[in-house]
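> task: produce atomic coordinates for the following.
(chains A and B)
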There are 2 protein chains.
Amino acid sequence: MSQDTPLVARLSTRDADFESRLTDLLAWEGVSDHGVQQAVSEIISQVRREGDAALVALTCRLDRLEASSMADLTLGADRLEAAYAALPDDQRQALATAAERIRVYHERQKPTSWQYTEDDGTVLGQKVTPLDRAGIYVPGGKAAYPSSVLMNAVPAHVAGVREIIMVVPTPDGVVNDLVLAAAHLAGVDKVFTLGGAQAVAALAYGTESVPRVDKIVGPGNIYVATAKRAVFGQVGIDMIAGPSEILVVSDGQTDPDWLAMDLFSQAEHDEDAQAILVSWDVEHLAAVEASMERLLPTLEREAIAGASLRTRGALIACRDEGEALELINRIAPEHLELSVEHPERLAEQVRHAGAIFMGRHTAEALGDYCAGPNHVLPTSGTARFSSPLGVYDFQKRSSIIHCSPQGASTLGKTASVLARGESLTAHARSAEYRIKD
Amino acid sequence: MSQDTPLVARLSTRDADFESRLTDLLAWEGVSDHGVQQAVSEIISQVRREGDAALVALTCRLDRLEASSMADLTLGADRLEAAYAALPDDQRQALATAAERIRVYHERQKPTSWQYTEDDGTVLGQKVTPLDRAGIYVPGGKAAYPSSVLMNAVPAHVAGVREIIMVVPTPDGVVNDLVLAAAHLAGVDKVFTLGGAQAVAALAYGTESVPRVDKIVGPGNIYVATAKRAVFGQVGIDMIAGPSEILVVSDGQTDPDWLAMDLFSQAEHDEDAQAILVSWDVEHLAAVEASMERLLPTLEREAIAGASLRTRGALIACRDEGEALELINRIAPEHLELSVEHPERLAEQVRHAGAIFMGRHTAEALGDYCAGPNHVLPTSGTARFSSPLGVYDFQKRSSIIHCSPQGASTLGKTASVLARGESLTAHARSAEYRIKD
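Numbers count the residues shown, from 1 in each chain, chains lettered A, B, ... in the order given. Got it, this is the predicted structure:
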């Protein structure tokens, strides 16, 4: 690297233009332009109109396959099982270990139904039920991650979803056997080798072969994201994911090589990924930068990681832990690594983060694969209002109201006054019929 | 009514065309046409570009006000308190009773943070935190409901949201004092008299006067719904609501007048509202129909209720309780009234419903105002995958991962295998640094 183009931007909270530079650094809007919207809208219409025939035609054209019917785009349970059986021992074992740890963690998320009885015998409560059917979108090609299959399907299973449908595109016929093996392990019921907006449309509306699901989860490209936004309401969707990011806070005592590699592990995802390190130890920041310069050329994915760091990475010098905390809550990072001596103290004051990796030993990569918590996390500051994918995403609640005759009489009086205040007199009269005297 | 145009459609599960008639009856798609999308997109751009100035200009034009600055579109705490103090005693008391019951019910929804420690000292958990700031959209004009203010703001308060911002349009300067009184009671912090897409844009992006919120909840017209869909991702949103609907299941033993009025209480909301009665007692269905014919002319909102029933209402004769149950789970109603002798038995098998009103005494109207559970419920079959508005809508979760040195070493081995399987070698090396030997 030349001196003029540093690998990664250096910012300081002391700089006069810090606020505007930070804003620019974080700026991200996954806007789909008019052309994409138009294309997606047409694909959805075509799938709704023509069903399977549209799926076959679109998949042949867009994924360059030669399929003559949906049978060519369907993978049976035997195919998934064969993929699992054919895995090398170490991979099969690692996948099974990860699946089991993910299952155990997500079991803790299961909410329970509850109810309580009031003095007059009226019962109020909340009933929790699973979705009937969930659809999981798994990207194809180089971004096909077996770990994502586990992270999406295992919580659905734990929630009690009756049927889990997976779609995964196989452009040019390239099938990822690790993905199929993970689907087998996670209990996916059916797999269709579909992708793009057509896969989303099929899951949302159903076709002759693809059953309509109740919710679609999983990441995808801009066509997939645009299609998910368009079918939202017809089905549930998870968040529309932006590029992955990490914010590492270091107290200066963690090995700079460790931190460099932690930042790389984010940056290697794709050119738009974002890796930021914050510390109040300026010499430490320089040491991490030196590690990064030295280690970057040793990466298999040097080009991607380098592009990500040059355009979206940053080393931020702050005054103290308090300022670091302000930055955390301002950024609301997807991944937050607290590489400090006493992470509990800091974590307590973190208001917004997808996942918090505490202490020097908790590399973010451990959470990506096998720690147990979900790796599908809110990106681009959406941790301000959303949560990791979880069992709760595959369940919903129904309110329970069972009034005793006395309860209905008492409540009826209040309801009547309020309904008449809103000029909804049929509401009032419906309540008044249940008033006793 | 003439014999040729019955007040409400009669269907029977025995009819050959039942399935297609039911599908037509339930069909609803809240599509916003290209013109609406275009208008909303321009309003959002204008508000982002010009801030307060855009809000003042748009509100003057669209709501026919004469405002010269945001000060004219802001209501202070004193104004809300004055509205509350000026209420007639019975209304103030009814509103306070409702607010307290809603609060008590929603307190039960509060989830707690949790964590557990594994044998090697690794800690895993989930931390629950409230949103910093919530925005509540309250429709103006005839659909301005103080009960909706309570139902949206109280759960936000219970969740621990720091600041609750309310927007409510005042077309032609008409202010609804009951709405302001409810806002005072529910602890709303600030009120802006804004509506439409401009209000949604202001809450999503912030202006000089309107603070940016983290989530926008509350119903609105097609412009509001389209704007909410557009800003989803920038902020969280609740469901995009369709017209309100009720499914009543009667065993034939409930007073037909009661059921007629329960159906009217849904139909009087608006012409698109949907009221359906299902029973296996055909004579009872005829009796309810007769009650409806007789009582409809006595309604203040006869025209609206009549239009709703004629276009979207139905009386469905089914064979038995089992078929009624199938219909319930097929329809996934927003409101389900089980007007039967033993509602528990039926309720147990209900998989999809926003709220279940059990027994003859539990009029749906009681739930609208003061039973305690939320009246913001999933419409148009979205109870298949979504829940009543609740405390959980104003909170989010962060995963906690704190690996002990031993835990990081063990997990690192699994993560390394899986990361290499995905060709993410920086991930692998980041994990491997933490392997002990």
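> please name the nearest non-neighbouring residue to the spatially most central residue of chain A.
What sits nearest the mean C-alpha location of chain A, by Cα atoms, centre = their mean, is A:Val376, with 3.2 Å. Using Cβ to Cβ, 6 or more residues apart in numbering or on different chains and skipping the chain neighbours, the partner closest in space to A:Val376 is A:Leu389 (3.7 Å). For glycine as for every other residue, the C-beta is placed from the backbone atoms N, C-alpha and C.
> helix, strand, or coil at that neighbour?
Assigned by DSSP: H, G, I helix; E, B strand; the rest coil, the conformation of A:Leu389 is coil.
> tell me the pLDDT of it.
Per-residue confidence at A:Leu389 stands at 97 (pLDDT).
> ok, it touching A:Pro373?
No. Between A:Leu389 and A:Pro373 there is no contact under Cβ atoms under 8 Å: 9.8 Å.
> neighbour count winner among these two?
Set side by side, A:Leu389 and A:Pro373 show more neighbours around A:Pro373, with 28 against 25, by other Cβ atoms under 10 Å in any protein chain shown.
> is it true that that one touches A:Gly367?
Yes. If you go by Cβ under 8 Å, A:Pro373 and A:Gly367 touch, sitting 6.1 Å apart.
> quick one: low-confidence parts of the stretch 101-250 of chain A?
Within the stretch 101-250 of chain A, the segments meeting pLDDT under 70 span A:142-143.
> longest helix of chain A?
helix A:89-107 (DSSP state H).
> give me the buried positions along it.
Residues of helix A:89-107 classed as buried: A:91-92, A:94-95, A:97-99, A:101-103, A:105-106 (neighbour count, 16 or more other Cβ atoms under 10 Å in any protein chain shown).
> just name the closest of those to chain B, please.
Ranked by distance to chain B (Cβ to the nearest Cβ), the buried residues of helix A:89-107 are led by A:Ala94 at 3.9 Å.
> how many neighbours does the closest residue to that closest one other than its chain neighbours have?
Excluding the flanking residues, the one nearest A:Ala94 by Cβ to Cβ, 6+ apart is B:Val417, at 3.9 Å. For B:Val417, the count of nearby residues is 22 (other Cβ under 10 Å).
> again with A:Leu73
By the criterion of other Cβ under 10 Å, A:Leu73 has 25 neighbours.
> surely it and A:Leu194 touch.
Yes. When contacts are counted by Cβ under 8 Å, A:Leu73 is listed as touching A:Leu194 (6.0 Å).
> any shared contact partners between these two?
Counting by Cβ atoms under 8 Å, 6 or more residues apart in numbering or on different chains, the common neighbours of A:Leu73 and A:Leu194 are A:55, A:59.
> so where's the stretch 251-400 of chain A uncertain?
Applying pLDDT under 70 to the stretch 251-400 of chain A flags no residue at all.
> ok, the residue nearest to A:Val376 - contacts?
So A:Leu389 contacts A:151-152, A:155, A:217, A:238, A:374, A:376-377 (Cβ under 8 Å, 6+ apart).
> strands - which of those land there?
Counting by DSSP state E, the part of these found in strands is A:Val217.
> A:Ala275 should be in a strand, yeah?
Yes. Using three-state DSSP, the secondary structure at A:Ala275 is a strand.
> show me the beta-bridge partners of it.
Counting by DSSP bridges, A:Ala275 is bridged to A:Ile246.
> the residue of the stretch 101-250 of chain A found nearest chain B: how many residues sit nearby?
Nearest residue of the stretch 101-250 of chain A to chain B (Cβ to the nearest Cβ) works out as A:Gly236 at 3.6 Å. The number of residues packed near A:Gly236 is 25, by other Cβ under 10 Å.
> that one reaches A:Ile216, doesn't it?
Yes. Counting by Cβ under 8 Å, A:Ile216 is a contact partner of A:Gly236 at 7.4 Å.
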